[in-house]
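**Q** need the 3D shape of this:
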Amino acid sequence: MGIFFLKIYGISIKVSSSSDFAFDNLKKDFQLYLGEKIENQLPGVININIFKEKPPYQKIPSLEASLYSLGSICYKGIDTHYIDYSGKGLMVYDFAKENADIYSECENLLYEKARLAILSRIGELLDERHIHRVHALGLAKDGKATLCLLPMEAGKTTLALSVLKKSKQIRLISDDVCFLDSKNYAYPFMLRIGVRDKNHVNEIPEQYITRICRYIYGEKYLIDVSCFKDYIAAKSKVCNIVIGKRVFQDNTEIRKIPKIKCYLPFIQCGIFGLGLPQIAELFLRSGLSDILNKINIVFSRTIIFLKIISRTNTYEMRIGRDLEENADKLVNFINVHTR
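**A** Just a heads-up that it's a prediction; the model follows:
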């Protein structure tokens, strides 16, 4: 059983795995956050235990299904959720002990669900500390951050790779998830960068590329974060918000817009968390205390995001079909607006 430890913005995680595939890929994903040994008995430590074996469905008590999602059914106990992945895997998450046991004979499923369990729990625990996630591309120059809230499938990762290739001064906060606090700071959160099109990794040395086949969403190429170690930003002050919109045209435009036009994208990408990597079955629980906790989280997200919008310059990026021009326009914008 392989074991490693993570420390992510004050949250401690212990990962144990009998699957070499899941162990190696999770360690590569979170390599920037590898920490020293911690005792799992300590309060607040998240324990992720991965078992490459047939799911022990006898562990699920006689409960009614409470939540259905693509490829899974969740059965909720008092402090424990039992998530059945179509008979191919099982996750048992005990919230009182912050302990997840994940079982499957499919190593891709084990890796994917363990990764999402880690991201789901650290997201909620950081929410409680008023550090909130938003689904966005974050870029920084000279300690000043530009957040790009793009629609799903709009090419955040492709745009990020192109920008880094074109500029030696611009740094990457995240290609997918940015953490924001009430003081307008964006925290870097870099895992391996994933792309579906192999053409996007043609210029990346082969030793940095891992091909995986995801449980539901198919093939993906993961670029090792060490390939970008010199391009990762420090904590940066958010100065610009760019709302991306796909437009069927050749050219790309970035123009100033009223702050009110940023509210809906932040509601979608931050408050409701559309596009964030998480397991809804772990976030949505039941009981009065959890309902009150969720209300507090939504309230905190709303207040912090409204503050950030009010303190920053707001723009709209009308994204055309020319990928090179998209990156050129964004690079030029950051160079001009972060002086």
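**Q** Asp101 in helix, strand or coil?
**A** Following DSSP: H, G, I helix; E, B strand; the rest coil, Asp101 is assigned to strand.
**Q** any idea how far the closest residue in space to Asn251 that isn't next to it in sequence lies from Val247?
**A** Nearest residue to Asn251, sequence neighbours excluded (Cβ to Cβ, 6 or more residues apart in numbering): Gly320, at 5.1 Å. Using the backbone N, CA and C atoms, a C-beta is placed for each residue, glycine as well. Look at Gly320 and Val247: by Cβ to Cβ, to the nearest Å, they are 6 Å apart.
**Q** look at those two and report which has more neighbours.
**A** Per other Cβ atoms under 10 Å, whichever of Gly320 and Val247 has more neighbours is Gly320, with 17 against 14.
**Q** surely that one meets Asn326?
**A** Yes - in this structure, Gly320 is within contact of Asn326 by Cβ atoms under 8 Å, at 6.7 Å.
**Q** now the helices for this protein?
**A** 20-29, 107-127, 156-166, 263-266, 280-283, 288-311, 323-337 (DSSP state H).
**Q** contacts for stretch 316-331 next, please.
**A** Contact partners of stretch 316-331, identified using Cβ atoms under 8 Å, 6 or more residues apart in numbering, comprise 139, 148, 150, 154-155, 158-159, 162-163, 165-167, 170, 242-257, 261.
**Q** got the domain ranges for the protein?
**A** The record's domain split for the chain, according to automatic domain parsing, is 2-127, 132-190+232-337, 191-229.
**Q** and the end-to-end length of the shortest one?
**A** What it means is domain 191-229. 11 Å (Cα to Cα, to the nearest Å).
**Q** quick check: buried residues in it?
**A** Residues of domain 191-229 classed as buried: 191-195, 200-201, 204, 208-210, 212, 215, 221-225, 227-228 (neighbour count, 16 or more other Cβ atoms under 10 Å).
**Q** what does the average pLDDT come to for that domain?
**A** Mean pLDDT, computed over domain 191-229, is 81.
**Q** now it: how far from the chain's centre is it?
**A** Distance of domain 191-229 from the chain centroid (Cα atoms, centre = their mean, to the nearest Å) equals 16 Å.
**Q** measure Arg321 to Ser162 for me?
**A** Arg321 sits 14 Å away from Ser162, going by Cβ to Cβ.
**Q** okay, those two: which has more neighbours?
**A** Here Arg321 and Ser162 are compared on neighbour count by other Cβ under 10 Å; more neighbours surround Ser162, at 19 against 13.
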